[in-house]
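Novice: predicted model follows, preceded by the sequence.
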Amino acid sequence: MSQKNETLSLFLAVVITIGLIFGGLWFLMERWAQLTGTVPKTSGSSNTGNPINQFVNRCNLANLPQGTFNYGGSTTWAPIRKEVDSVLQSLCPQFTLRYTQPASGQPGSGTGIRMLIDNQLAFSQSSRSVKAEENTEAKQKEFSLKEIPVAIDGIAIAVNYNLNIPGLTVAQLKDIYTGKITNWQQVGGPNLPMTIYSRSKEAGGTVEFFIENVLNKENFGTNVSYIGTTTEAVRKVAMNPGGIYYASAPEVVPQCTIKSLPIGRISGQFVPPYQQPAVSPSECPSKRNQLNSQAFRSGDYAITRNLFVIVKQNGQTDQQAGEAYANWLLTPQGQELIEKAGFVKIK
């Protein structure tokens, strides 16, 4: 019996020793993952459902100030505020971001920069560059404005799904929105009057960018109908066979009820803002069109732009907050999340 007891004791000792060894190894692996910023994968598990879980769950951002910081601006940035900024807030709760709307007027890139100059925001988000007159005004208050590009976006053109036309050149688009072209027959389509939609000039950076870079600073034609939101415009284009509208590509390309047109600098050389082959309405919404990221990044798609964090360079906490926020967006984690939000990585 004593021999059996000794054998059992020896067996239990071996099992306990092996357990301690494996437990120690597992602890070291977990600790190594925390130090290196990697998350060990286990078989049968997936982290794809939660973007936070794809990265180490800790705040690792240099020069990040503590406190609550007001920010705001471009409506184009809404998906980033929802999908990307929420992750930063989860990782770095000591760095609190508070989205702030203007007291009067519509939110947008211009109003965000205005609020930044008036010291109502710590930093702002913009879908266009800072204007010379805005920087001049900031310098009168003894600071300058720095724009930090963090993502790539494009302007997509929405038309009725049944409109039979291969694409438009940028010059044709300009002529449409300045009132020189009024029928789709003039650009190779059917004999059908155009119904032209835009948000107002005061709506924000997308409209300002369009006027500056597509219309070459010319005014909209008198036949342009102004609407309040992209959601409303998409609904109208879907119901109107001759409708046309422009907006940030992530707002247009995945839509099920309209289609986005290929755009070119030269007639016949059109580049779609979506990845080919295009998704048919019957497949949508279970499957949606995706951005043509390669064409946006290379500039082959004719109407692209950067998204900017606008930083107040005053040597104070606001500058520190804006720079830290932009730096986080430019990390591999931030860039991956920007892509998940529907935009194109800049690096």
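Specialist: It's in. Numbers count the residues shown, from 1 in each chain.
Novice: paired strands for the longest strand anywhere in the chain, with orientation please.
Specialist: Taking DSSP state E as the criterion, the chain has its longest strand at strand 144-160. The strands beside strand 144-160 in its sheet (DSSP bridges) come out as strand 243-248 (antiparallel), strand 258-260 (antiparallel), strand 304-313 (antiparallel), strand 344-345 (antiparallel).
Novice: for residue 285, find the nearest of those.
Specialist: Closest of these to residue 285 is strand 258-260, at 13.2 Å (criterion: C-beta to C-beta). No exception for glycine: its C-beta is placed from N, CA and C like everyone else's.
Novice: residues touching that closest one, excluding its own?
Specialist: 156-161, 163, 234, 237-238, 249, 252-253, 272-274, 278, 289 (C-beta atoms under 8 Å, 6 or more residues apart in numbering).
Novice: in JSON lines: the strands paired with strand 144-160, plus mean pLDDT.
Specialist: Shown next, in JSON lines, are those (pLDDT from 0 to 100):
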{"stretch": "strand 243-248", "mean pLDDT": "97"}
{"stretch": "strand 258-260", "mean pLDDT": "97"}
{"stretch": "strand 304-313", "mean pLDDT": "97"}
{"stretch": "strand 344-345", "mean pLDDT": "96"}
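Novice: can I get the ones you listed in TSV with mean neighbour count?
Specialist: Listed next are these as TSV, based on neighbours: other C-beta atoms under 10 Å:
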stretch	mean neighbour count
strand 243-248	26
strand 258-260	25
strand 304-313	23
strand 344-345	21
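Novice: how close does residue 306 get to residue 332?
Specialist: 19 Å (C-beta to C-beta, to the nearest Å).
Novice: helices along the protein, start to end?
Specialist: With DSSP state H as the definition, the chain shows helices at residue ranges 2-36, 78-83, 85-91, 109-117, 132-140, 170-177, 205-213, 230-239, 249-252, 293-298, 317-329, 332-340.
Novice: now do the fourth one: distance to the chain's middle.
Specialist: Read it as helix 109-117. Mean-position distance between helix 109-117 and its chain equals 19 Å (C-alpha atoms, centre = their mean, to the nearest Å).
Novice: with the second one instead?
Specialist: Relative to the mean C-alpha coordinate of its chain, helix 78-83 is positioned 7 Å out (C-alpha atoms, centre = their mean).
Novice: repeat for the last one
Specialist: Relative to the mean C-alpha coordinate of its chain, helix 332-340 is positioned 9 Å out (C-alpha atoms, centre = their mean).
Novice: can you pull the buried residues of that helix?
Specialist: If you call a residue buried by 16 or more other C-beta atoms under 10 Å, then helix 332-340 has these buried ones: 333, 334, 335, 337, 338.
Novice: what do you get for the fifth one?
Specialist: Buried positions in helix 132-140, judged by neighbour count with 16+ other C-beta under 10 Å: 134, 135, 138.
Novice: next, the angle helix 109-117 makes with that helix.
Specialist: 10 degrees (axes from the mean of the first three to the mean of the last three C-alpha atoms, to 10 degrees).
Novice: what residues does helix 132-140 touch?
Specialist: 113, 114, 116, 117, 144, 145, 312.
Novice: now do stretch 279-295: distance from first to last residue.
Specialist: For stretch 279-295, the separation between the terminal residues is 18 Å (C-alpha to C-alpha, to the nearest Å).
Novice: same question for stretch 250-269.
Specialist: In stretch 250-269, first residue to last residue: 23 Å (C-alpha to C-alpha).
Novice: run the chain-centre distance for it.
Specialist: Here stretch 250-269 is found 18 Å from its chain centre; the criterion is C-alpha atoms, centre = their mean.
Novice: how about stretch 322-333 as PDB, C-alpha atoms only?
Specialist: Only the C-alpha atoms of stretch 322-333 are listed here, as PDB (Å, rounded to 0.1, in the frame of the first residue of the first chain):
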ATOM      1  CA  GLY A 322      -4.900  68.700 -30.800                       C
ATOM      2  CA  GLU A 323      -1.500  67.300 -31.700                       C
ATOM      3  CA  ALA A 324      -1.900  64.300 -29.400                       C
ATOM      4  CA  TYR A 325      -5.300  63.500 -31.000                       C
ATOM      5  CA  ALA A 326      -3.900  63.900 -34.600                       C
ATOM      6  CA  ASN A 327      -0.900  61.700 -33.700                       C
ATOM      7  CA  TRP A 328      -3.200  59.000 -32.400                       C
ATOM      8  CA  LEU A 329      -5.200  59.000 -35.600                       C
ATOM      9  CA  LEU A 330      -1.900  58.600 -37.500                       C
ATOM     10  CA  THR A 331      -0.900  55.500 -35.500                       C
ATOM     11  CA  PRO A 332      -1.500  52.100 -37.200                       C
ATOM     12  CA  GLN A 333      -4.400  51.600 -34.800                       C
END
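Novice: so for that stretch, mean pLDDT?
Specialist: Averaging the model's pLDDT scores along stretch 322-333 yields 96.
Novice: in that stretch, what counts as buried?
Specialist: 322, 323, 324, 325, 326, 327, 328, 329, 330, 333.
Novice: okay, the spatially closest residue to the third one that is not a sequence neighbour: pLDDT?
Specialist: By that I understand residue 324. If the residues on either side of it in the chain are set aside, residue 324 comes closest to residue 64, at 4.6 Å by C-beta to C-beta, 6 or more residues apart in numbering. Note on residue 64: pLDDT of 92.
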